[in-house]
Each structure stands twice: as structure tokens, then as C-alpha cells.
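Undergrad: Could you look at this predicted model? Sequence included:
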Amino acid sequence: MSPTRKALFQIHFCVLLWGFTAILGKLITLPALPLVWWRMLLVSAALLCVPRVWRGLRALPPRLLLIYAGTGVVVALHWLTFYGAIKLANASVAATCIAMCPAFLSVVEPWIAKRPFEARELLLGAAVVPGVALVAGGLPGDMRLGLAVGVLSALFVAFFGALNKRYIEHADSLTVTCVELGAGTAFLTIAAPLMPGAAFVLPNAHDAVLMIVLAFGCTLLPFALALSALRHLSAFATQMVTNLEPVYAIVLAIPLLGEQRELGWAFYLGVAVILGAVFAHPFLHRGERAAPSDIVAP
């Protein structure tokens, strides 16, 4: 098997594992805040056991440390709203909202990267709007709040994705991930008392096993595999495969969670419209080389 074909299999496997994050978010009974706190704590603690991370931390300038820590706060807010959307609606709704990220990225990235806006990207972003309207129309009324929280989650993805795209190349990617997730854990620890009804909860045996699978099987493992695969893939190929993450999540939610019984035909039509725009997005960046910023886990 050629290195490129092997890398494609690896990245598909990674995206499949990321698709499970939404499923696990539904199966884990913890509220969104402790779920995210435990996920970030476990992954950042595991990364601190890697000597390469400590070498990277010692070499990190204070300015970059602050930038990565601030990005970690945005990652924490993304995961908090992502799992909040799952709890308020379901895994399919949350995954669909994440597919809207390229629409937000078309506005956010030029501002953060200080480059001109591209009309083609803005048009693709606008093409998502009818899909969102269809998705909302296909939801039961009690899931609409989950949709709104999921859209906010996609906005946070656009912000930390753009920040990582600009700054992640200035330091070791594992070190950056450790700083971001560690800062996110600290932020949630400080902010929890200020959030109404928020409290840290010890997971029971069922949730503890699923949290370990989420932290190591669906976060660290695919991240390490994807870093290896990027050496042989273009940005176009990487984006095309990673855009399948909401598709995998929705397909997995049907047999594992039976969510198709909760959603109408308009929801799935809206999903098709959104994914059409999402899969058109990589064509705007064809020829670019893949980078670690392309593989931030949802």
C-alpha cells in the first residue's frame, strides 16, 4: 500500500472516531460541564507525560503561551456548547451544527489572519442558511434551543480553528494541544461557580469507562494518527475527509441511538444542503499543504 493510500485510510479512521464523540456525548450521563472538564483534564494530563511536550513547553515564548491559553478557553467554550447541544437536542443536531463551521470560518478567518475576504467563501457561507432553516423546520419544538446552542458551538470552532491556523505552526503541535486543553480545564474550574446550576460531578462506573474511551480513543489516538497522515496528504484531501465527520456522526446515531425517529424529513434535507456547501469549501483551497490546524478534534 502506498504511503498516500495508507494516510487516507488513517484519516478516515480518525474521522470515524471523531464521529463517535457526539454518540459518546449522548451516552455519557454527565452534564455538559463536568463531561468537558474531565475530557480536557484527562487528555492534558496524558500529554504532560510525554517528554516532547515538556521540551516544547520550556521553549515556548510567553506571548505564544498566552495566545494558546486564550485559544484553549475558546476550545472549552466550543466543547461546552457542543455537548450542551447534544444534551438539549441530540447527537445528529449537534453534528449538523458543526458542519456549519466553514460558513463562519469564511468571515472569521480573514479577520484573524488579516487577509482579504474572498467572495466565493462568503457565497458558500450564505448557501448554508437555507439548510439551517430546513433543519430548524424538521426539529421538534423542544430541540430548537439545542440547535441554537449548536450554532454557537460552530462559531467557536471557527474562532479556534482560525487561531490555530495562524499560530500552531510556531510550536510543536502536541505542546500546543496540551497548553490549550490545560488552559481550558483551568478556565472551566474557575468559571464553574459563576455558571447557574453548574457543578462538578464524579462519573459513575459507566460514565468513567466512556470518558476514558472519549479522551483516549476519540481524542488522543486519532490526533496522533492524523499527525502522521498529514505528512502524505494535501489540505484538500484532508478537508474532504474531515468534512465527513458530521455524516459519520449522523449515520452512527441512527442504529446506536435511534434518532431518526425524533427528526423529520426537512431535517435531513437541510443536512444535505449544508453538507453540499461544506464539501464545496475545500475546492477553494486546492493545492495547499495539510497542516496540524486542519485536524482539531470536535
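TA: Perfect, I can see it now. Numbering: from 1, shown residues only.
Undergrad: lowest-confidence helix or strand of this protein?
TA: One helix or strand of the chain scores below all others by mean pLDDT, DSSP states H and E: helix 235-242, with a mean of 70.
Undergrad: Past that helix, which element shows up next along the chain?
TA: Downstream of helix 235-242, the first helix or strand assigned by DSSP states H and E is helix 245-257.
Undergrad: how far does that following helix sit from the chain's center?
TA: Taking CA atoms, centre = their mean, to the nearest Å, one finds the center of helix 245-257 at 15 Å from the center of the full chain.
Undergrad: Who are the packing partners of it?
TA: Judged by 3 or more CB pairs under 8 Å, 6 or more residues apart in numbering; DSSP states H and E, the packing partners of helix 245-257 are helix 3-27, helix 91-98, helix 265-280. Just so you know, the C-beta spots here come from the backbone N, C-alpha and C atoms, and that holds for glycine as well.
Undergrad: Go ahead and name everything in contact with that helix.
TA: Outside helix 245-257, the residues within contact range by CB atoms under 8 Å, 6 or more residues apart in numbering are 15-16, 18-23, 26-27, 90-92, 94-96, 98-99, 259-260, 271, 275, 298.
Undergrad: Select only the buried ones of the residues you listed in PyMOL?
TA: Buried subset of those, written as a PyMOL selection, criterion 16 or more other CB atoms under 10 Å:
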select buried, resi 15+16+18+19+20+21+22+23+26+27+90+91+92+94+95+96+98+99+259+271+275+298
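Undergrad: Quick one: the helices in this structure, in order.
TA: Per DSSP state H, the chain carries helices over the ranges 3-27, 32-47, 51-58, 62-88, 91-98, 101-113, 119-137, 144-167, 173-191, 205-212, 221-229, 235-242, 245-257, 265-280.
Undergrad: Identify the residues contacting the third one?
TA: I take that to be helix 51-58. 47-48, 171-172, 174-176, 178-179.
Undergrad: Also the second one?
TA: With CB under 8 Å, 6+ apart as the contact definition, helix 32-47 has outside contacts at 25, 28, 30, 53, 75-76, 79-81, 83-84, 86-87, 174, 177-178, 181-182, 184-185, 188-189, 192, 195, 198-201, 203, 211-212, 214-216, 219-220.
Undergrad: got it, and the last one?
TA: In this structure, residues lying in contact with helix 265-280 by CB under 8 Å, 6+ apart are 92, 96, 99-100, 102-103, 124-125, 127-128, 130-139, 240, 243, 246-247, 250.
Undergrad: try 6 Å this time
TA: Residues outside helix 265-280 that contact it (CB atoms under 6 Å, 6 or more residues apart in numbering): 96, 99, 102, 124, 127-128, 130-131, 134-135, 137-138, 243.
Undergrad: which residues sit against stretch 217-229?
TA: Stretch 217-229 is contacted by residues 7, 10-11, 14, 17, 20-21, 43, 295, 297 when judged by CB under 6 Å, 6+ apart.
Undergrad: of all those, which two lie farthest apart?
TA: Farthest apart among those by CB to CB are Ala7 and Val43. That separation is 23.3 Å.
Undergrad: ok, back up a step: which of the contacts of helix 32-47 count as buried?
TA: If you count burial by 16+ other CB under 10 Å, the buried members of these come out as 25, 28, 30, 53, 75-76, 79-81, 83-84, 86-87, 174, 177-178, 181-182, 184-185, 188, 198, 203, 211, 214-215, 219-220.
Undergrad: which ones are touching His232?
TA: Counting by CB under 6 Å, 6+ apart, His232 has contacts 3-4, 7.
Undergrad: if you skip the residues just before and after it, what's nearest to it?
TA: Using CB to CB, 6 or more residues apart in numbering and skipping residues adjacent in sequence, the residue nearest His232 is Ala7, 3.9 Å away.
Undergrad: okay, now the one you found: neighbour count?
TA: Per other CB atoms under 10 Å, the neighbour tally for Ala7 reads 23.
Undergrad: Cool, thanks, talk later.
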